[in-house]
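[1] Structure, please.
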Amino acid sequence: MSERVDVLVVGGGIHGAGVAQAAAAAGYSVLLVEARAPAAGTSSRSSKLIHGGLRYLETLQLALVRESLREREILLRVAPQLVKLTPFFIPVYGDTTRAPWKIRAGLSLYAALGGLGREDLFRRVPRREWDELDGLRTDDLRAVFCYFDGQTDDAALVRAVLSSARELGAEVEHPCELLAAQRSDSGYLVRIAGAWGEREVSCSALVNAAGPWIAQVQRRITPRPLVFEVELVAGTHLELPDALERGVYYCEAPSDHRAVFLIPWKGRTMVGTTETPYSGDPALVAPLESELEYLRECVRRYMPRLDATPVASWAGLRVLPKLPGAAFSRPRDVTFTCDDEARPRLVAIWGGKLTGYRATALKVLERLAPQLPVRERRADTATLRLPT
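    Model (predicted):
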């Protein structure tokens, strides 16, 4: 006889952790399985920002920005030890593709979408303060804008959300791999394997939050659910030995005008990110020398006094829709696929952003709730403080 849970979640990154917490808060019994370790993949290799996505305004992803700014506000409240407001500086040079008036207009819209709270204020930095901006190059500098967004330790945030899920009654197993899942009238019969061997678990609902491994997990499910057409895109970051003091710098890469951030990070400077299509084993993704040079070039362009010799580097993977054009311009909305749109027992999470993990989890549960047993709610994740 197999054990039974209401919700079984595959994947211990931020989205899997978020679903486990939300499901446990809603009163469901939850088992999360992670093949390696929590936050071992993309969720520990991001730019570590909790932000609305200022650049998404140019592609009119207004709903995504509004939702992300709302989630930023919630995380500032429920995880103040992990999410901090940080000044972001946007330098505008003679050859910057966005004129000062356009950046001011974008920041005004960004503030309006955020609700015009304290964290949404922005200003134009006076010329007399430019020399205080961490050695920012001032040759041909036309303007500098300052606004506020959030910064976090992404892996620590995942661990905190998982700890919250455990406190609410969820079980977390790692390393533990999903071997196979078979749909039944009452949900799925799942076979998992860990250090203790193999066992079977029945669940009313199955959530695939495996990130870059999502398609591999989908192929282990019977009947075979939809495998969405996506592209894995590698994003590299490097760390430099010198520290930034004033805040984050939001710059244009010299070669292609993409957004690159220079970020204060644990007494060093983190620089990222790149966007390079990737087709290999997700576990083996690593920085390319061309990506490292791309980021070093950005440092030399904007912060010539910084030592551009990396002391560390890493790469993570995004799951993006496979569409024509550069990855940078593609939508960042999360996509959900189900085994049965009318009565889903399986939801797969394709893509998504660190900032929106909580909202993503609630959308997953909204789809699954009609098929789940009635339970008594334990907590609300919008007000529940994350553990330290």
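[2] Check the gap between residue 153 and residue 196 for me.
    Residue 153 sits 31 Å away from residue 196, going by C-beta to C-beta, to the nearest Å. In this view, the C-beta of every residue, glycine as well, is placed from N, C-alpha and C.
[3] Neighbour count: these two, which is higher?
    Each of residue 153 and residue 196 has its neighbours counted (other C-beta atoms under 10 Å); residue 153 has more, 16 against 9.
[4] just for this structure, where's the confidence low?
    Residues of the chain meeting the criterion pLDDT under 70: 1-2, 321-332.
[5] Okay, domains of it per the record?
    Domain assignment for the chain by automatic domain parsing gives 3-42+155-226+332-371, 70-151+230-329.
[6] contacting residues for residue 334?
    Residue 334 sits next to 349, 350, 351, 352, 353, 356, 360, 363 when contact means C-beta atoms under 8 Å, 6 or more residues apart in numbering.
[7] Apart from its neighbours in sequence, what residue is nearest the fourth one?
    Okay, so that is residue 352. Leaving aside its chain neighbours, residue 352 sits nearest to residue 334 (3.7 Å; criterion: C-beta to C-beta, 6 or more residues apart in numbering).
[8] what about the longest helix in the protein?
    Secondary structure of the chain per DSSP state H: the longest helix is helix 62-78.
[9] Show me what it is packed up against.
    If you count contacts as 3 or more C-beta pairs under 8 Å, 6 or more residues apart in numbering; DSSP states H and E, helix 62-78 packs onto strand 49-50, helix 100-114, strand 141-151, helix 357-368.
[10] make it 7 Å
    Here helix 62-78 touches helix 100-114, strand 141-151, helix 357-368, going by 3 or more C-beta pairs under 7 Å, 6 or more residues apart in numbering; DSSP states H and E.
[11] buried set for it?
    Buried positions in helix 62-78, judged by neighbour count with 16 or more other C-beta atoms under 10 Å: 64-76, 78.
[12] Among the residues you listed, which one sits closest to residue 185?
    Nearest to residue 185 among the buried residues of helix 62-78, counting by C-beta to C-beta, is residue 67 at 35.1 Å.
[13] and the closest residue in space to the closest one that isn't next to it in sequence, how many neighbours?
    In this structure, residue 67 finds its nearest non-sequential neighbour in residue 359, 5.6 Å apart by C-beta to C-beta, 6+ apart. A count of nearby residues for residue 359, using other C-beta under 10 Å, gives 20.
[14] swap in residue 233?
    By other C-beta under 10 Å, 21 other residues sit near residue 233.
[15] what about the strands in the stretch 251-388 of the chain?
    For the stretch 251-388 of the chain, the strands defined by DSSP state E, counting those that start in this stretch cover 259-265, 268-272, 276-278, 312-321, 335-338, 346-350.
[16] between the first one and strand 268-272, how many degrees?
    Between strand 259-265 and strand 268-272, the angle comes out at 160 degrees (axes from the mean of the first three to the mean of the last three C-alpha atoms, to 10 degrees).
[17] do the same with the longest one
    Going by the same axes, to 10 degrees, strand 312-321 is angled at 30 degrees with respect to strand 268-272.
[18] hang on, the earlier thing: tell me which of the domains of the chain is the most buried.
    Compared across those, domain 3-42+155-226+332-371 shows the largest average neighbour count, a mean of 21 (mean count of other C-beta atoms under 10 Å).
[19] Next, the distance between the ends of that one.
    19 Å (C-alpha to C-alpha, to the nearest Å).
[20] From the chain's centroid, how far away is it?
    16 Å (C-alpha atoms, centre = their mean, to the nearest Å).
[21] same deal with stretch 290-298?
    Between the centre of stretch 290-298 and the centre of its host chain there is 23 Å, according to C-alpha atoms, centre = their mean.
[22] Name the nearest residue to residue 36, sequence neighbours excluded.
    residue 175 is the one closest to residue 36 (C-beta to C-beta, 6+ apart), at 5.7 Å.
[23] So the one you found sits against residue 192, correct?
    No: between residue 175 and residue 192 there is no contact under C-beta atoms under 7 Å: 10.7 Å.
[24] how much space is there between residue 53 and residue 162?
    Applying C-beta to C-beta to residue 53 and residue 162 gives a distance of 25 Å.
[25] I figured residue 160 was touching residue 384, is that so?
    No: judged on C-beta under 7 Å, residue 160 makes no contact with residue 384 at a distance of 11.0 Å.
[26] list the contacts for residue 140?
    When contacts are counted by C-beta atoms under 7 Å, 6 or more residues apart in numbering, residue 140 touches 93, 94.
[27] Can you pull the phi and psi angles for it?
    Phi and psi for residue 140, reported as degrees, to the nearest 10, are phi 60, psi 20.
[28] again, but for residue 279
    Backbone torsions for residue 279, taken as degrees, to the nearest 10, come to phi -130, psi 0.
[29] Next up, identify which helix or strand the residue nearest to residue 4 when sequence neighbours are not counted is on.
    Excluding its sequence neighbours, the residue lying closest to residue 4 (C-beta to C-beta, 6+ apart) is residue 202, at 4.4 Å. Take DSSP states H and E as the rule and residue 202 turns out to sit in strand 197-208.
[30] Report the inter-axis angle for that strand versus helix 357-368.
    Using the same axes, to 10 degrees: strand 197-208 against helix 357-368 is 90 degrees.
[31] helices or strands up against strand 197-208?
    strand 3-10, strand 187-194, helix 214-218, strand 346-350.
[32] Tell me which of these sits nearest to residue 170.
    The closest of these to residue 170 is strand 3-10. By C-beta to C-beta, the value is 8.4 Å.
[33] what sits up against that closest one?
    Strand 3-10 has contacts (C-beta under 7 Å, 6+ apart) with 16, 19-20, 23, 28-33, 178, 190, 201-210, 217, 372-373.
[34] Indicate each strand paired with it and its parallel or antiparallel sense.
    If you go by DSSP bridges, strand 3-10 pairs up with strand 30-33 (parallel), strand 197-208 (parallel).
[35] With distance to residue 4 added, can I get those strands in JSON lines?
    Shown next, in JSON lines, are these (distance: least, C-beta to C-beta, whole Å):
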{"stretch": "strand 30-33", "distance to residue 4": "10"}
{"stretch": "strand 197-208", "distance to residue 4": "4"}
